[in-house]
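> Here's my sequence, what's the structure:
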Amino acid sequence: QVQLVESGGGLVQPGGSLRLSCAASGSIVSDYCMGWYRQAPGKQRELVAGITSGSSTAYADSVKGRFTISRDNAKNTVYLQMNSLKPEDTAIYYCNADQVLYSTFTVPGDYWGQGTQVTVSS
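Numbers count the residues shown, from 1 in each chain. The predicted model follows:
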């Protein structure tokens, strides 16, 4: 079983950047597919980005070219670099882990972090 703790959220102006971190414990994230999902008020939770155990990546169309997901297996941590942030990126961002080697991220895994708030506003 894996425990996930997100950090790095906050308030940022439009056009700004943030880097979210997801620190895992209890298992080795290199054996998992890891994803970032977000949920805005009144909306369903949606995939933002995912990375497989082989480091293949997937992104929502709305963040392609602006967000980058990466993993540091030595630190057991997954990151989400978010650039050119827009007000519509405002949401709670959740880290997710799926104990499979490959995923298309259409269905999230069983493990979730507590979430970190990202607010993009001037």
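> Need the contact partners of stretch 10-18.
Residues from elsewhere that reach stretch 10-18, judged by CB atoms under 8 Å, 6 or more residues apart in numbering: 8-9, 81-87, 117-122. C-beta here means a position set from N, CA and C on the backbone, and glycine is covered the same way.
> Any of those buried? List them.
Among the contacts of stretch 10-18, those scoring as buried are 8-9, 82, 85, 118, 120 (criterion: 16 or more other CB atoms under 10 Å).
> how about those, which pair is most distant?
8 and 120 (13.9 Å; CB to CB).
> In strands only, show me the contacts of stretch 10-18.
Under the assignment DSSP state E, these contribute 81-82, 117-120 to strands.
> Dump those to CSV, plus distance to residue 66 and pLDDT.
As requested, the ones in strands among the contacts of stretch 10-18 are exported to CSV (distance: CB to CB, whole Å; pLDDT from 0 to 100):
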residue, distance to residue 66, pLDDT
81, 9, 98
82, 7, 98
117, 19, 98
118, 13, 98
119, 17, 98
120, 12, 98
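> Need the residues you listed in JSON lines (columns: distance to residue 62).
Below are the ones in strands among the contacts of stretch 10-18 laid out as JSON lines (distance: CB to CB, whole Å):
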{"residue": "81", "distance to residue 62": "16"}
{"residue": "82", "distance to residue 62": "12"}
{"residue": "117", "distance to residue 62": "18"}
{"residue": "118", "distance to residue 62": "14"}
{"residue": "119", "distance to residue 62": "17"}
{"residue": "120", "distance to residue 62": "13"}
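> quick revisit: want to throw the buried ones among the contacts of stretch 10-18 into TSV with distance to residue 45?
Below are the buried ones among the contacts of stretch 10-18 laid out as TSV (distance: CB to CB, whole Å):
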residue	distance to residue 45
8	19
9	16
82	17
85	19
118	14
120	18
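> What's opposite the residue most central in space within the chain in the beta bridge?
The centroid of the chain falls nearest to residue 36 when counting by CA atoms, centre = their mean (2.2 Å). Assessed by DSSP bridges, residue 36 has beta-bridge partners residue 49, residue 95.
> on that earlier part again, next, give me the two most distant ones among the contacts of stretch 10-18.
81 and 122 (21.4 Å).
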